[in-house]
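Student: whatever this is, show me its structure:
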Amino acid sequence: MKVMVTGGAGFIGTNLIKRLLKDGHKVVSIDNYSTGKKENHQDGCRYYDYDLSSRHTHGIYVDHGTYPSWRDEEYDCIYHIAALARIQPSLERPLHHIKNNFLSSLNVLEFARKINVPVIYAGSSSKHHGLYGSPYAWSKFSGEELCKLYSSVYDVPTSICRFYNVYGPHQLTEGEYCTVVGIFERLYKDGKTLTITSDGEQRRDFTHVEDIVDGLSKCGLFINSDKYHSAVNGKEFELGRGVNHSINELAGYFGSDYPTEYIPARDGEYDITLCEDKKAHKLLGWNPTINLDDYIKDFVETERFFNE
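Tutor: Sure, this is the predicted structure:
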């Protein structure tokens, strides 16, 4: 297949592109590099620097400054991963997040309508905590509603894959868009105290990015298959392990005697995330295999080895 990945220079997009290339697909990435990084580029993928939330829909820049048009190419599937993530930044800059996430989804779906290709949309488990809890939650849900609209009115095949608390290679470790696993990794590398918000008893369904990518890959293959198309078209899949850990437990995986300190809770923070829907298991044959504690153990052992 020839596949477009939006947000292809970011955390999840990079891991997805690695998998798609490994499976023999041709891949094009569209990213505005607001959080994506050029050092994430993978050999074999063509990268375009473009803001999908822009009203301009013609040529786009690439690294060497020419103007090839990704819009003139043919694709078999679009993975719409690009988004401004994280609740706290969206509370501070609601207009920026809503405009970016809503318009980018609208433009991707309009492009998919014109060339008649399916879209796999990266949703968020924040939907389950109230649509009006944050601009981020609302903006991601609005993307889901656009998928349903374009599917119903224009017959654009769509599937929604909701992510929980994703971690793993290429995750951000600094800045406002990094998550707690990335923050803890950076603090550990720097020999600094792990900072835990609130009392640390909030629980998260941490899901490794390779497991997430496996679910996305299966969904993309199925939606392009005559045999399995109907099983995934118009469906919503929850990609979470179904097991959660407290932040205190997460900190403990870095070492029971490693120093921690508690800081005030952040606005918009949930008490618990947990995937209880098994549709992805039943319809996609998706079974996550990577455990958080094993991942942290390997990280700690690697850091100790290189610092001895």
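Student: now residue 100: how far from residue 122?
Tutor: 14 Å (C-beta to C-beta, to the nearest Å). C-beta: built from backbone N, CA, C; applies to glycine.
Student: so those two - more neighbours on which side?
Tutor: residue 122 (26 against 22; other C-beta atoms under 10 Å).
Student: pretty sure the more buried one sits against residue 161.
Tutor: Yes. Using C-beta atoms under 8 Å, residue 122 is in contact with residue 161, at 6.2 Å.
Student: need the residues touching each of the two.
Tutor: Common neighbours of residue 122 and residue 161, using C-beta atoms under 8 Å, 6 or more residues apart in numbering, are residue 216.
Student: what ranges in this structure fall below the confidence cut-off?
Tutor: 55-69 (pLDDT under 70).
Student: okay, helices next: where are they in it?
Tutor: In the chain, the helices defined using DSSP state H lie at 11-22, 87-92, 94-115, 135-154, 180-189, 209-223, 229-232, 247-253, 279, 292-307.
Student: okay, and the common contacts of residue 100 and residue 122?
Tutor: residue 83.
Student: returning to that earlier point: of all the helices of the chain, which one is nearest residue 45?
Tutor: helix 11-22 (5.2 Å; C-beta to C-beta).
Student: elements contacting the closest one?
Tutor: strand 2-6, strand 26-31, helix 209-223 (3 or more C-beta pairs under 8 Å, 6 or more residues apart in numbering; DSSP states H and E).
Student: by contact count, what packs against the first one?
Tutor: Think strand 2-6. helix 11-22, strand 26-31, strand 77-80.
Student: stretch 176-191: how far from the chain's middle?
Tutor: 18 Å (C-alpha atoms, centre = their mean, to the nearest Å).
Student: again, but for stretch 234-241
Tutor: 13 Å.
Student: got it, and stretch 218-230?
Tutor: So, by C-alpha atoms, centre = their mean, the centroid of stretch 218-230 is 21 Å from its chain's centroid.
Student: just stretch 162-181 next, same as before
Tutor: 9 Å.
Student: in it, which residues are buried?
Tutor: For stretch 162-181, burial by neighbour count (16 or more other C-beta atoms under 10 Å) applies to 162-168, 170-172, 177-181.
Student: okay, residue 216 and residue 79: tell me how far apart.
Tutor: Taking C-beta to C-beta as the measure, residue 216 falls 6 Å from residue 79.
Student: who has more neighbours, those two?
Tutor: residue 79 (30 against 27).
Student: list the contacts of the more buried one.
Tutor: Residue 79 is in contact with 3, 4, 5, 6, 13, 16, 119, 120, 122, 216, 220, counting by C-beta under 8 Å, 6+ apart.
Student: one more: residue 121?
Tutor: Here residue 121 is in contact with 80, 105, 143, 144, 147, 158, 159, 160, 161 (C-beta under 8 Å, 6+ apart).
Student: could you tell me the end-to-end distance of stretch 181-196?
Tutor: Length of stretch 181-196, first residue to last, C-alpha to C-alpha, to the nearest Å: 11 Å.
Student: next one: stretch 164-176
Tutor: With C-alpha to C-alpha as the measure, what separates the two termini of stretch 164-176 is 18 Å.
Student: other residues contacting it?
Tutor: Looking at what lies outside stretch 164-176 - C-beta under 8 Å, 6+ apart - the contacts are 10-12, 14-15, 35, 40, 86, 88-89, 125, 178-183, 185-186, 204-210, 212, 238-241, 273, 275, 290, 292, 295.
Student: what about residue 307, how many residues nearby?
Tutor: Using other C-beta under 10 Å: residue 307 sits among 8 other residues.
Student: roughly how far does it sit from residue 94?
Tutor: Residue 307 is 42 Å from residue 94, by C-beta to C-beta.
Student: for the residue lying closest to residue 20 once chain neighbours are set aside, give me its contacts.
Tutor: Excluding the flanking residues, the one nearest residue 20 by C-beta to C-beta, 6 or more residues apart in numbering is residue 27, at 5.0 Å. By C-beta under 8 Å, 6+ apart, residue 27 lies in contact with 2, 3, 4, 5, 8, 17, 20, 21, 42, 44, 45, 46.
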